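Engineer: what's the 3D shape of this:
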Amino acid sequence: MLALLLSTACAGTFFGASLYVNLVEHPARVSCGPELAVGEFAPSYKRGAVMQASLAIAALFLGVTAAWQLGDRFVAAAAVFLGSVVPYTLLVIFPTNRQLLDPSLDASSARASELLAHWNNLHAVRSALSAAAFVLLLWRIAQHGLR
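Structural biologist: Numbers count the residues shown, from 1 in each chain. Okay, here's the model as predicted:
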């Protein structure tokens, strides 16, 4: 049961941080203009990547452990949902990250604004996956009870 609780805590923290980025941090960054937004993206990305990758991987391993201990396929699915943000980030979001971090990008260009908007849309998928995982894990805790 401890693995389920810890996985849920990691999933909830990931979801909260991810949702905050989509609804608060990124819109605030963009509202300051594309030049400032592109400049702020790099340090924000570097700090956020470490935290969110760690949480996603921890939730995956703890969730798989809990699923195995409890024989619960729903917990396994939640672990996979959250764990899937790692390959999704590397395969789908990283090309946009690389373009935003490219020193040759004209930060005041329409292209920079397009990349910033596209990035937020891609990041929303991470928020949705983590929301699904968190809600599913909370439901399974309610079903299993705190023993």
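Engineer: which residues touch D72?
Structural biologist: A66, R140, H144 (Cβ atoms under 8 Å, 6 or more residues apart in numbering). Heads up, the C-betas are built off the backbone N, CA and C, glycines and all.
Engineer: what are the phi and psi values for it?
Structural biologist: With angles defined as degrees, to the nearest 10, D72 sits at phi -120, psi 110.
Engineer: any idea how far it lies from H26?
Structural biologist: 35 Å (Cβ to Cβ, to the nearest Å).
Engineer: now swap in E35 and tell me
Structural biologist: Distance of E35 to H26, computed by Cβ to Cβ: 15 Å.
Engineer: the more surrounded of the two?
Structural biologist: H26 (21 against 13; other Cβ atoms under 10 Å).
Engineer: now that one. Nearest residue, chain neighbours left out?
Structural biologist: Among residues not flanking H26 along the chain, N120 sits closest, at 4.9 Å (Cβ to Cβ, 6 or more residues apart in numbering).
Engineer: could you do L129 as well?
Structural biologist: Spatial nearest neighbour of L129, chain neighbours left out: F81 (5.0 Å); criterion: Cβ to Cβ, 6+ apart.
Engineer: ok, C32 next?
Structural biologist: Per Cβ to Cβ, 6+ apart, closest to C32 is E40, 7.6 Å.
Engineer: what is the rounded mean pLDDT of the one helix or strand that neighbour maps to?
Structural biologist: Using DSSP states H and E, E40 sits in helix 34-70. Helix 34-70 comes out with an average pLDDT of 95.
Engineer: what is that helix packed up against?
Structural biologist: helix 2-20, helix 26-31, helix 73-83, helix 85-88, helix 94-101, helix 110-144 (3 or more Cβ pairs under 8 Å, 6 or more residues apart in numbering; DSSP states H and E).
Engineer: what lies in contact with the third one?
Structural biologist: Surrounding helix 73-83, the residues in contact under the criterion Cβ under 8 Å, 6+ apart are 4, 7, 10-11, 14, 56-57, 59-64, 66-67, 129-130, 132-134, 136-137, 139-140.
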